[in-house]
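Undergrad: here's a sequence, model it:
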Amino acid sequence: MSTVGDRKDQLKLRVGAIFLALATMAAVAFGIINLQQRLLFSEPDDGVSWVDSPAGIQAFTIADNSPAARAGIKSGDHLTAVDGLAVHRALDVTKRLWAIGLWGQVRYKVERNGESFQTPLIVGPAPKPVTIENYLRVVGLLYLFIGLFIFARRWNAARAVHFYVFCLISFILYEFRYTGKLNLFDWEIYWSQAVATLLAPALLVHFALVFPERSIGRRLGHRLTILGTYIAPAILLLVQIQ
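TA: So this is what the prediction gives:
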């Protein structure tokens, strides 16, 4: 009986190792493709950080030498219409810019100190946050390397697989950045990062609850506690899908 049990355990380990290897290769491949697309794809932008305020859509900050700065828009201005169409939320401005596209001309109706005026603006490419993104990508690679190092040395240790899954999810969390194209691949990147954002904290809390004791997860109270760590992320994910 013990021999049969050992064979089953070895089979489970092999199947789990193959699954983790495939998941790791897929995550790395997606990360590389995603990085290439982030470098090549440009988002339409006017150079303004628009915020929703009680008085309407307000310009919070204006980037130097941006389309909005060249159009004469200043911080504190209120945007009321884009190409003659009224806008009520900052999100409406983003949607209009995407509809117009790069290098398209748009006309803003702006209010300043109670006076209204219109100004033309050429939509330009958004600046790429390369420094911040590259730093986060390095963090993601560190998570993956740490997970691989620990798993390769102590693959049969208690919670080794759990720790590696946490590192792999953290790699996805820090490595993936959707471009805004929102094609099929971009949606996969978006939802992968959304799931990783919700799952990483739950995995870490789960790991803290069961490490290093294997038997702690067998008690009913601890099982319910562990289950509770995943209920909140699952609810938030369902809300996001809705």
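
Undergrad: which ones are touching the closest residue to W50 other than its chain neighbours?
TA: Of all residues not flanking W50 in the chain, A90 sits nearest, at 4.0 Å (CB to CB, 6 or more residues apart in numbering). Quick note: C-beta positions are derived from backbone N, CA and C, even for glycine. Counting by CB atoms under 8 Å, 6 or more residues apart in numbering, A90 touches W50, V51, D52, I57.

Undergrad: the second one falls within a helix, correct?
TA: No: using DSSP: H, G, I helix; E, B strand; the rest coil, the assignment for V51 is strand, not a helix.

Undergrad: ok now do it, which residues does it touch?
TA: Taking CB under 8 Å, 6+ apart as the contact definition, V51 lies against I57, Q58, F60, A90.

Undergrad: just the buried subset of those, please.
TA: Buried members of the contacts of V51, counted by 16 or more other CB atoms under 10 Å: I57, Q58, A90.

Undergrad: run through the protein and note the low-pLDDT ranges.
TA: Counting by pLDDT under 70, the low-confidence segments of the chain come to 1-6, 9, 129-130, 212-220, 242.

Undergrad: now do the contacts for the residue nearest to the spatial centre of the chain.
TA: The structure's the chain has its C-alpha centroid closest to Q193; by CA atoms, centre = their mean the separation is 4.4 Å. Counting by CB under 8 Å, 6+ apart, Q193 makes contact with I172, L173, F176, R177, Y178.

Undergrad: just the buried residues of the helix or strand containing it, please?
TA: In the assignment (DSSP states H and E), Q193 maps to helix 184-210. Buried residues in helix 184-210, defined by neighbour count with 16+ other CB under 10 Å: 186, 189-190, 192-200, 202-203, 206, 210.

Undergrad: with stretch 86-106 instead?
TA: Buried, per 16+ other CB under 10 Å, within stretch 86-106: V87, A90, D92, V93, T94, R96, L97, I100, V106.

Undergrad: picking that back up, among the contacts of Q193, which are in helices?
TA: Among the contacts of Q193, the members falling in helices are I172, L173 (criterion: DSSP state H).

Undergrad: which among the contacts of Q193 gets closest to V161?
TA: I172 (16.6 Å; CB to CB).

Undergrad: ok, the nearest residue to the closest one once chain neighbours are set aside - contacts?
TA: Using CB to CB, 6+ apart and skipping the chain neighbours, the partner closest in space to I172 is A196 (4.2 Å). The contact partners of A196, by CB under 8 Å, 6+ apart, come to I169, S170, I172, L173, F176.

Undergrad: including distance to W155 and neighbour count, could these go into JSON lines?
TA: Shown next, in JSON lines, are those (distance: CB to CB, whole Å; neighbours: other CB atoms under 10 Å):
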{"residue": "I169", "distance to W155": "18", "neighbour count": "25"}
{"residue": "S170", "distance to W155": "19", "neighbour count": "22"}
{"residue": "I172", "distance to W155": "21", "neighbour count": "23"}
{"residue": "L173", "distance to W155": "23", "neighbour count": "22"}
{"residue": "F176", "distance to W155": "26", "neighbour count": "25"}
